[in-house]
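Undergrad: Sharing a model that was predicted from the sequence below.
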Amino acid sequence: MRSIAGRCGPPKQSKLATGQKKMIKKLISIIIVLILGSAVAFFVFKSEPKLNSNFENQSSFLKNFQFRLGLDLSGGSHLIYKADVSGVQAGEVSVSMDALRDVIERRVNLFGVSEPIVQVQSSGFVSGEEEKLIVDLPGVTDVEKATAMIGQTPLLEFKIEAPKDTLKTVKVGKNGEVDLGSIDLDQQFVSTELTGRYLQKASLEFDQTTREPRVSLQFDETGTKFFAQITKNNIGKMVAIYLDGAPISTPVVREEIPNGQAVISGSFTPTEGKLLVGRLNSGALPVPITLLSRQTIGATLGTDAVTAGVKAAIIGFLVVALFLILWYRLPGLIAVVALSIYITIMLALFKLLPVTLTAAGIAGFIISIGIAVDANILIFERLKEELHSGRTIANSVSAGFSRAWSSIRDSNLSTIISATILFWFGTSLIKGFALTLGMGVLISMFSAIMISRIFLSGLIFVGEGKIARFLFSSGISK
Amino acid sequence: MFIVKHKKIFISISVALVLLSVISLFAFGLRVGIDFKGGALTEVVYKTNRPTQSDLDSAFKKLDFGSVLIQPTGELGYIVKSLDLNETQHILLLKTLSLGHSPTGEAQNGKNPLEEKNFNSIGPSVGRELTRKAIIAIVLVSLAIILFIAFAFRKISQPISSWKYGFMAIVSLLHDVIIPIGIFSILSNFYGAEIDTLFVVAVLTIIGLSVSDTIVIFDRIRENLRNKIENSFGETVGKSLDQSYMRSIFTSLTVIIVLLSLFFFGPESTKYFALMLTAGMFFGTYSSIFLASPLLVLIEELQKKK
């Protein structure tokens, strides 16, 4: 059996002062931990519109840190496209996939979707032979419209007036007047070689005098040549600019334009202009895509899941807290404080990193609440044993911590290994779970060991009396 | 000492449970969800009242959709399972669900207005990809855990070699995974639970948690062997179990508490997941106390007889 080496004699007078100093230091660290914990909790509380009724008036800093909810919680669409890279040279697949992502990202941004996610999933040993593009559109449930927009290539064409002798058909009204509405513009104009393909850049600007928005175009080298040719041959005539088969602007050419710059000034609002610029700049898709699978989650389903998840977390926490306090008494209470600090740290990290929360992610977090107390339980059971072997409370506390460490480390490592591999290989659903669980295990090792230790060693001053020993014991033992 | 003394009983219980699970797995099988085999799932809720299932069935018979499975959900909803759908088919499906035969043919504006809560269409190739990923992940996690156990127990080799600890941890790990899968096959048969991504996550999480539990007890055996607190190996293991079964039960208990909370109050989508994990935790605790350690003693006794 172990010898009772830890029991110290009555403290000498000179040591008492240093002992008191130590005690004060420990109390100060407890206070610091409590203040930091409350500060983190305050941040979590203030930056959440559902908790903070005065959220609208908060600084933009706080507003930036709301929880990010995944598609399954916020509602929205998850689309998986297959990219046909058969026409791309082997070495350039990843370049063209990146270009594809950029184009789609620009198009998606045009709908005004908040925080869309567009990512390339390259072929490989794990993910299969296909090059895929994954598009997440939070809040978008009208996928028909969205997929149409994503797949759509804006077609910009420049047309010139048809020769005068071309036959035109018009309807003549009953009173003998020409029905202007029946003039088919398409017959008036003929296509040229100049199209949006030769566009280098489009940008939105405002007319200096009229303040009207207009779209300026800059062609590339070939486009500039075509444009110069067109303007040279058509001075005094109209040039029609067609978008997606419809004329949007029909300016009259005044002189030859050799520098490849053109301006479309239609009657559009700044928003429309911006949209047009965006669509023109996004250009054509570098590789063709087909929709492989899609998921749409209605907003109500998501809200229900969030409510249920929060409820499960709170109930789970309360029952665990009750168990800890009833069974482990004072150390149990400290574990509950450490667990609360752990929860606030995790919530703050979810906001700050940020972590996109999914139903699976919330499940991972809830499970981590259960796991977070594991380390405390290992320590407290050790503590109890050390107390039984006749040590003082102070010695038992430090022995409990140091002896439980190898179990805590090893038992958490296996969970971390599982979580890491899950994160590496997972789809977005698995990733959400693996991330919250893995983070949870890591952070809880810190909170259970560091925070509980600071509190427990600070509370040793309760002395060695019967009540103190009762408070530090646990379960149904004396 | 009680556990070591009656080890044969406890080991038999485990063997029986594993056998039952395997039998149930073969008898009932597991339903594979659309995550893996591809297909579409549409969940709708009707605004006022929902049409009868037979009306919908006959409406779908007229369409060329292949087999369509319609299950009622909640008071006003249906879940429709079909082959994967493109956008046109999807709109047609919604129209059919609302029993809208109006010539204008606006979706969702038929006789029974409805709201689409959830739509998920997964192409077969995405399903195949996920299947491959799942298999790779399971293999990798298992390998990593085996290596980890071997590493954690590299220093003890008396009286039984360290790889045997690892082997026992793996035996109990299989035990912890097979029983929940057996339970899932029962759920699959009677309640229509399907294997999806979360099922795989549950299995992998059980693997991680099961080992962590076993390690806590093995760690105590390791320490007691080093300190030579008892004469025989069997007594050392028995003593170690006496010292650590409480903490092993409590550490699992807290996780089981939160899992049950997740099962009873949590989101619908993670219900079976929580149940699987609860079963995994429960049998994981059982196996680390009543299976892995007694098996160690059994092996040591067999070694001595040689």
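TA: Received it, and whenever you're ready, just let me know what you need.

Undergrad: Residue A:241 versus residue A:192, what's the distance?
TA: 11 Å (C-beta to C-beta, to the nearest Å). For the C-beta atoms, the positions are set from N, CA and C on the backbone; glycine is no exception.

Undergrad: if I look at the two, which residues touch both of them?
TA: With C-beta atoms under 8 Å, 6 or more residues apart in numbering or on different chains applied, the overlap between the contact sets of residue A:192 and residue A:241 consists of A:157-159.

Undergrad: Hmm, which of these is lowest in pLDDT?
TA: Across the shared contacts of residue A:192 and residue A:241, the bottom pLDDT score, 75, is held by residue A:157.

Undergrad: sec struct for the nearest residue to residue B:236 once chain neighbours are set aside, please.
TA: Leaving out its chain neighbours, the residue that sits closest to residue B:236 by C-beta to C-beta, 6 or more residues apart in numbering or on different chains is residue B:230, at 4.5 Å. Using DSSP: H, G, I helix; E, B strand; the rest coil as the criterion, the local structure at residue B:230 reads coil.

Undergrad: List the contacts of residue B:230.
TA: For residue B:230, the contact set (C-beta under 8 Å, 6+ apart) comprises B:224, B:236, B:238-239.

Undergrad: And those, which two are furthest apart?
TA: Between all members of the contacts of residue B:230, the longest pairwise span (C-beta to C-beta) is found for B:224 and B:238 and amounts to 10.1 Å.

Undergrad: What score does the residue in chain A that chain B sits nearest to have for pLDDT?
TA: Among the residues of chain A, residue A:418 lies nearest to chain B; the distance is 3.0 Å by C-beta to the nearest C-beta. As predicted, residue A:418 sits at a pLDDT of 85.

Undergrad: That one: neighbouring residues, count only.
TA: Neighbour count of residue A:418, defined by other C-beta atoms under 10 Å in any protein chain shown: 30.

Undergrad: Nearest residue to it in space, ignoring adjacent ones along the chain?
TA: Spatial nearest neighbour of residue A:418, chain neighbours left out: residue B:208 (3.0 Å); criterion: C-beta to C-beta, 6+ apart.

Undergrad: and residue A:218, what helix or strand is that in?
TA: strand A:213-219 (DSSP states H and E).

Undergrad: what packs against that strand?
TA: On a contact count with 3 or more C-beta pairs under 8 Å, 6 or more residues apart in numbering or on different chains; DSSP states H and E, strand A:213-219 meets strand A:199-206, strand A:261-264, helix A:270-282.

Undergrad: out of the shared contacts of residue A:192 and residue A:241, which is most surrounded?
TA: In these, the most neighbours by other C-beta under 10 Å go to residue A:158, 23 neighbours.

Undergrad: hmm, back to that, tabulate the helices and strands packed on strand A:213-219 (TSV), appending distance to chain B and mean neighbour count.
TA: Written out in TSV, the entries for those read as follows (distance: least, C-beta to the nearest C-beta, whole Å; neighbours: other C-beta atoms under 10 Å in any protein chain shown):
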stretch	distance to chain B	mean neighbour count
strand A:199-206	30	15
strand A:261-264	32	18
helix A:270-282	21	17
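
Undergrad: Let's verify residue B:84: helix, strand, or coil?
TA: Counting by three-state DSSP, the backbone at residue B:84 sits in coil.

Undergrad: Specify the residue ranges that define each domain of chain B.
TA: Residue ranges of the domains in chain B are recorded as B:2-34+B:126-305, B:39-122, according to automatic domain parsing.

Undergrad: Check which residues of whichever strand or helix holds the residue nearest to residue A:418 are buried.
TA: Here residue B:208 sits within helix B:197-227, counting by DSSP H and E. Judged by neighbour count (16 or more other C-beta atoms under 10 Å in any protein chain shown), helix B:197-227 contains these buried residues: B:197-225.

Undergrad: And stretch B:163-180, by the same measure?
TA: Along stretch B:163-180, the positions that meet the burial threshold by neighbour count (16+ other C-beta under 10 Å) are B:164-173, B:175-180.

Undergrad: ok, and does it reach over to chain A?
TA: No: Stretch B:163-180 lies apart from chain A when judged by C-beta under 8 Å from any C-beta of the partner chain; the minimum separation is 9.3 Å.

Undergrad: what angle sits between the very next helix or strand once past the strand holding residue A:218 and strand A:213-219?
TA: Once strand A:213-219 ends, the next helix or strand along the chain (criterion: DSSP H and E) is helix A:221-233. Direction vectors for helix A:221-233 and strand A:213-219, defined by axes from the mean of the first three to the mean of the last three C-alpha atoms, to 10 degrees, enclose an angle of 110 degrees.

Undergrad: Run through who's touching the following helix or strand past helix A:221-233.
TA: Past helix A:221-233, further along toward the C-terminus, the next helix or strand under DSSP H and E is strand A:239-243. Residues outside strand A:239-243 that contact it (C-beta under 8 Å, 6+ apart) are A:154-161, A:185, A:188-189, A:230-231, A:247-253, A:262, A:264, A:276.

Undergrad: next one: stretch A:231-238
TA: Judged by C-beta under 8 Å, 6+ apart, the contacts made with stretch A:231-238 from elsewhere in the structure are A:160-161, A:189, A:239, A:250-257.

Undergrad: repeat for stretch B:143-160
TA: Contacting residues not belonging to stretch B:143-160 are listed as A:410, A:413-414, A:417-418, A:421, B:162-163, B:165-166, B:169-170, B:173, B:207-208, B:211, B:215, B:218, B:222, B:225-226, B:233, B:296, B:299-300, B:303 [C-beta under 8 Å, 6+ apart].
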